[in-house]
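[1] Okay, sequence plus prediction incoming.
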Amino acid sequence: MVDVRGTLTDFGLQTLAAKDPRVIFTASSAGTLGRRLFSSDPISVIPAADGSFTVDLQPTDGIVPEVWYEVSIEHLNASGKFTHYDVLGYKLFVPFVGGDIGDMPDAPLSPQTVLVSLAPPPAGYVGWYLNAPGPGEDPGDPNDPASSGTGILEIVS
């Protein structure tokens with residue numbers, strides 16, 4: 001489980017606290033990862049008075065079949081009845097590192113995507129990685145291409 005953070009406001013950047021909002025994350029389907037079988041039961045969070053929220057979600061990386069979160073926002077009146085309902089219009093894929101809701105991609109990386117770096121891939125990265133040095137070689141000096149090696153293409157999973 002990873003933290004997904006955000007701040008819910010209107011487009012005037014005003015808080016919606018008086019409208020008793022809740023942000024709901026619903027998995028697109030059931031899925032599996034190793035021994036885990038996940039249900040698509042919704043997970044909801046009530047933002048703080050300033051609109052900020054943090055929700056603990058299962059990363060979607062590696063789940064079979066491919067799963068994403070659909071994000072909706074409910075507003076209720078004092079008697080608990082709906083007054084407004086919004087749906088975020090894209091698929092929210094959550095990486096192993098979590099993060100801010102606005103920084104999460106709306107599509108997983110393509111199999112043709114390759115991360116090229118002198119440093120190891122970030123925690124939670126899944127995909128192809130071109131390690132700048134050769135196998136067993138020191139990464140060298142990133143400011144000196146002559147000492148950085150030719151690299152090796154490897155899959156990180």
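    Now that the structure is in, tell me what you want to look at. Numbers count the residues shown, from 1 in each chain.
[2] From Asp56, how far off is the closest residue in space to Asp86 that isn't next to it in sequence?
    Distances taken as CB to CB, 6 or more residues apart in numbering put Ile73 closest to Asp86, at 4.2 Å, once the chain neighbours are dropped. (Each C-beta comes from the backbone N, C-alpha and C, glycine too.) With distances taken as CB to CB, to the nearest Å, Ile73 is found 18 Å from Asp56.
[3] again with Ile63
    16 Å.
[4] Which one's more surrounded, these two?
    Between Ile63 and Asp56, Ile63 has the larger neighbour count (other CB atoms under 10 Å), namely 22 against 11.
[5] what's near enough to touch His67?
    Wrong residue type there; residue 67 is Val, not His. 27-29, 31, 38, 60 (CB atoms under 8 Å, 6 or more residues apart in numbering).
[6] swap in Thr32?
    Contacts for Thr32 (CB under 8 Å, 6+ apart) come out as 38, 63-64.
[7] go on, Leu57?
    Contacts of Leu57 (CB under 8 Å, 6+ apart): 1-2, 4, 25, 43, 69, 94, 98.
[8] partner residues bridging it?
    Beta-bridge partners of Leu57, counted by DSSP bridges, are Val2.
[9] likewise Asp100?
    Beta-bridge partners recorded for Asp100 (DSSP bridges): Arg5.
[10] pLDDT value on it, please?
    Looking at Asp100, its pLDDT stands at 93.
[11] For it, the count of nearby residues, please.
    Asp100 has 11 neighbours, counted by other CB under 10 Å.
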